[in-house]
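Visitor: model this:
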Amino acid sequence: MDVSRFEQLIHRLEAVAARNPSGYRARVAAVALLGFVILAVVLGMALLMVGALAGVVMLLFKGGGVVALIALKLGKALILLALPLWLLLKTSFRMLLARFPAPEGLEITRADAPRLFERLDDMQRRMNGPAFHHVLLVDQLNAAVVQHPRLGLFGWNRHYLILGLPLLQTLDEDEALAVVAHEYGHLAGNHGRFGAFIYRLRGAWGQMQAMAQTWDDWGSRLVARLFGWYAPWFNAYSFVMARANEYQADRSSAELVGAAAAARALQRVGIAARFEAQDFWPGIDRLARAQAEPPAALSGEWRRALSSLDEARACAYRDEVLQESTGYGDTHPSLNDRLRALGETPSPVLPAVGTTAAERWLGDALPRLAGVLDTRWRDDVRTRWQERNSYLAERLQQLQTLRENGERSVEDEWMLLQLTAELEPDVDRRPAVEALLARAPDHLAARFALGDLKLDADDAGGIDDIEAVMQADADAILAGCETIWRWLRTRDPVRADLYRERWEKRQAHLAGVQHEMDTLDPKCELGRHDLPPEVEADIVRAVLPHADRLARVFLLRRPIAADPRARAYVLAFDMTRRWLRSEEALGKLARTLAAADYPVSLHVVPLGAKAFRGWRKRIRALGVEALPLDGKS
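Guide: Residues are numbered from 1 along each chain as shown. Below is the predicted model of the structure:
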């Protein structure tokens, strides 16, 4: 389901939910039931077919001479049929009883954090929900409640509370509890048993679909395709309910700690998320250029960075978040809508946090727990950090070399601009980009960069620059539409939607082109290839190791109807010895040739295969000569 259809369906369902809430709930229940029917049908068909196969085998063993004769003729077919049936049956049980990976993190015990567990016990009692089996500490700016089903869609859940140390270092105790209470509200079912059931089912189907994508046998791929069809529909039908559940979870947190604390938590988390993305991690990346080893204490770096966030920047980040509107990419509403639903308004200035939730909840155990997380993070990123350090050192050397070179070509100037953007992002590059365009007006990459820089400076003229690049180069449409959409989405949502639709149309076109290139119809149009001699020579070298089995090899071009500019190629071959010209032998050699390393993407076609035997006549009509293999032609 594409984004437009998804949003249109949600629009219709929102209207239904507003007009007839019970009718909407009935629709959600029906779609949820359909999922269980699909599971039952898959499992039932697998069991039925396996039972029928077993019955046929027993009949053959008990029958007389005529049945034995039939068995000899059907034996191979039964064996070939038994394997896919077994795979389907195995996949069906694996699907129902799948063991999802458990959440990972540093386990916190009651002995580590008595104050934390005291507040969790009080929350559990007041919200009348289940207890947590595990409380985990992670190094992310996040908190979550996860139900881990030990029996796939059958449940038998264990409940995990995941607390991000950076989040606890950002909020005070009541604010952190507001975040936890919001997540716990989903688990406790404060939005009703049916809403809680649908919430859990959405998570289970999402995990199941992700897991199915990793299955690679025949039966699993069949089930994965079925999941790929059903899961988006269930997601769309349950979306309106999930969005309503988010508002109810906010109300639950407000009832526990007060609306003011819940509102402060929402604002402070929004500010911290922006600060983390725009300041903190770029600063950590700059450290990778200065030192070969990652910092010893990531949690300490976060505390120091957060303490440097002044009031003006915090308000600017908060205002950016407040400008966002509620969309359909996430069930969570916008900050503005959530504050309005709580009856609160944005705080002109958020009060400074005195004692953080990390200090209050973890107490004396905080240094030890933070140290363990820091060590794990440092060990995990050390190799990538060192690779990044070496890479940045090389790029810095390139930058210095180009700056020392007095006479630079246009491409040297463009490389200098790219290196400056990567290594010195605070430098104003616009004068240099404009100078490059004055020298080379048709430099599309520089024109795109100028448009991007203008939009960053809140200059709407950047749209014209990016539009000019998209008109000249269709390959720039995706990046251009996304850049313009990001700038327009809070300034002119209607116009932003036009660019989003244009992005989707281009994406669908590229998907169609890729599908046509990935599939090969025996009746497709063929022509002489247009590759340069050196590329043809590379292809010949790739097939030479198999020359003793090849009588002739032809290189052809296949036009792509969806995009005349696209190029697709075919390598068609005939085998040498007649006794090897079986479908099995042809297929084996075709797979071997397809696995070779070619300079271009191409399909490998055995001309002896039934579907492609007519190609010999077509190739003769085109006058295409065979590739030279060790002097043969």
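Visitor: Sketch out the helices for the stretch 501-633 of the chain, chain order is fine.
Guide: Secondary structure of the stretch 501-633 of the chain by DSSP state H, counting those that start in this stretch: the helices cover 533-543, 583-594, 615-622.
Visitor: what's the closest of the ones you listed to Pro346?
Guide: Minimum separation from Pro346 across the helices of the stretch 501-633 of the chain (Cβ to Cβ) falls at helix 583-594, 59.5 Å. Any C-beta I mention is one placed from the backbone N, CA and C, and that applies to glycine too.
Visitor: list the helices and strands that closest one packs on?
Guide: With contacts defined as 3 or more Cβ pairs under 8 Å, 6 or more residues apart in numbering; DSSP states H and E, the packing partners of helix 583-594 are strand 568-575, strand 602-606.
Visitor: that older thread, may I see the helices of the stretch 501-633 of the chain organised as JSON lines, with distance to Arg557, mean neighbour count and mean pLDDT added?
Guide: Output for the helices of the stretch 501-633 of the chain, formatted as JSON lines (distance: least, Cβ to Cβ, whole Å; neighbours: other Cβ atoms under 10 Å; pLDDT from 0 to 100):
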{"stretch": "helix 533-543", "distance to Arg557": "12", "mean neighbour count": "15", "mean pLDDT": "93"}
{"stretch": "helix 583-594", "distance to Arg557": "18", "mean neighbour count": "15", "mean pLDDT": "84"}
{"stretch": "helix 615-622", "distance to Arg557": "10", "mean neighbour count": "13", "mean pLDDT": "92"}
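Visitor: Arrange those in a markdown table, one row each, with distance to Gln418 as further columns.
Guide: Compiled in a markdown table, the helices of the stretch 501-633 of the chain are given as follows (distance: least, Cβ to Cβ, whole Å):
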| stretch | distance to Gln418 |
| --- | --- |
| helix 533-543 | 28 |
| helix 583-594 | 37 |
| helix 615-622 | 44 |
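Visitor: For Glu175, find the nearest of these.
Guide: Smallest distance to Glu175 across those (Cβ to Cβ): 58.0 Å, for helix 583-594.
Visitor: could I have the closest one exported to PDB, CA atoms only?
Guide: Taking Å, rounded to 0.1, in the frame of the first residue of the first chain, the C-alpha atoms of helix 583-594 are listed here in PDB:
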ATOM      1  CA  GLU A 583      17.200 -28.200 -18.900                       C
ATOM      2  CA  GLU A 584      19.000 -29.200 -15.700                       C
ATOM      3  CA  ALA A 585      22.500 -28.800 -17.200                       C
ATOM      4  CA  LEU A 586      21.500 -25.500 -19.000                       C
ATOM      5  CA  GLY A 587      20.100 -24.100 -15.700                       C
ATOM      6  CA  LYS A 588      23.200 -25.100 -13.800                       C
ATOM      7  CA  LEU A 589      25.500 -23.400 -16.200                       C
ATOM      8  CA  ALA A 590      23.300 -20.300 -16.400                       C
ATOM      9  CA  ARG A 591      23.500 -20.000 -12.600                       C
ATOM     10  CA  THR A 592      27.200 -20.300 -12.700                       C
ATOM     11  CA  LEU A 593      27.600 -17.700 -15.400                       C
ATOM     12  CA  ALA A 594      25.100 -15.400 -13.600                       C
END
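Visitor: what angle sits between that helix and strand 602-606?
Guide: Angle, helix 583-594 to strand 602-606, by axes from the mean of the first three to the mean of the last three Cα atoms, to 10 degrees: 160 degrees.
Visitor: And for helix 583-594, what's in contact with it?
Guide: Contact with helix 583-594 is made by 543, 546, 549, 571, 573, 575, 603-606, 608-610, as judged by Cβ atoms under 8 Å, 6 or more residues apart in numbering.
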